[in-house]
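1. Please find the sequence and the predicted model below.
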Amino acid sequence: MTWNATGTLTAEAATRHPELVAPAVGRGLALLPPEVAATVGVSAIDPELADTAAFCERYGVAMNASANCVVVKGKRGGEVRFAACMVLATTRADVNGVVRRRLDVRSASFAPMDEAVALTGMEYGGITPIGLPADWPILVDAAVAAAPEVVIGGGVRGSKLFVPGSALLALPGAELVEGLGRAVG
């Protein structure tokens, strides 16, 4: 397989390089249907450049080819619900509208960093939808799903994954959500 949104990086099959991803991501890749797992590429990056803007600038990847995984925490009464939201880096997740309604919670916000890291088993700045807790919904914005390829985290700050947007819909708990990503500004 050839990955195209890699900028100056060269991607290789993620299933062949478990050392480049978080253990949770490696387990998540192993659970995918083989034809989906085969579409996931990985490349090592400088962990200091894991944040989207710095990554895109350094490695020549377009911002609209990069997707962010945002962990959201919602509360209703005494119950806490989590979800992951996949939106293009050029947009922001509509947490207080679309996500709050989808989770059926009274309030929703970004999960605190330490909680997101502890629950996912991934590094902050590298959290990705592959390998998340099985009971979390993964909300995928329509623009992400329609993208021929997106760059996402590798579970660690030292790698990025390259995957067709539509392949994210094959993840356990994934669902297409129209209007999840809102334009910035």
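-> Received the coordinates, thanks. Note that the structure is a prediction, hence the values are computed from the model and not measured.

2. hey, let's count contacts and neighbours off CA atoms from now on
-> Will do.

3. ok, the lowest-mean-pLDDT helix or strand in the chain: who's next to it in the sheet?
-> With mean pLDDT, DSSP states H and E as the measure, the helix or strand of the chain carrying the lowest mean pLDDT is strand 181-183 (a mean of 91). When sheet partners are counted by DSSP bridges, strand 181-183 sits next to strand 91-93 (antiparallel).

4. How far does the helix or strand following the strand it pairs with sit from its chain's centre?
-> On the C-terminal side of strand 91-93, the nearest following helix or strand under DSSP states H and E is helix 100-103. Relative to its chain's centre, helix 100-103 lies at 19 Å (C-alpha atoms, centre = their mean, to the nearest Å).

5. swap in stretch 150-168?
-> Computed by C-alpha atoms, centre = their mean, the separation of stretch 150-168 from the middle of its chain amounts to 6 Å.

6. C-alpha coordinates for that stretch, CSV please?
-> Only the C-alpha atoms of stretch 150-168 are listed here, as CSV (Å, rounded to 0.1, in the frame of the first residue of the first chain):
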residue,chain,number,x,y,z
VAL,A,150,-5.8,11.5,7.0
VAL,A,151,-2.9,11.8,9.4
ILE,A,152,-3.7,10.9,13.0
GLY,A,153,-1.8,10.2,16.2
GLY,A,154,0.0,6.9,16.8
GLY,A,155,-0.8,6.7,20.5
VAL,A,156,2.7,8.2,21.3
ARG,A,157,4.1,11.6,20.4
GLY,A,158,6.8,10.0,18.3
SER,A,159,4.7,8.7,15.5
LYS,A,160,1.8,9.4,13.2
LEU,A,161,-0.6,7.1,11.4
PHE,A,162,-1.9,7.5,7.9
VAL,A,163,-5.3,6.0,7.1
PRO,A,164,-8.2,6.4,4.7
GLY,A,165,-10.9,8.5,6.4
SER,A,166,-13.5,5.8,5.6
ALA,A,167,-11.4,3.2,7.4
LEU,A,168,-12.1,5.0,10.7
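
7. Relative to A83, how far out is L119?
-> L119 is 11 Å from A83, where distance means C-alpha to C-alpha, to the nearest Å.

8. When the two are compared, which one has more neighbours?
-> Neighbour comparison, L119 and A83: the larger count goes to A83, with 26 against 11 (by other C-alpha atoms under 10 Å).

9. So that one, which state does it fall into?
-> Recorded secondary structure, A83: strand (DSSP: H, G, I helix; E, B strand; the rest coil).

10. cool, A116 as well?
-> The three-state label for A116, taken from three-state DSSP, comes out as helix.
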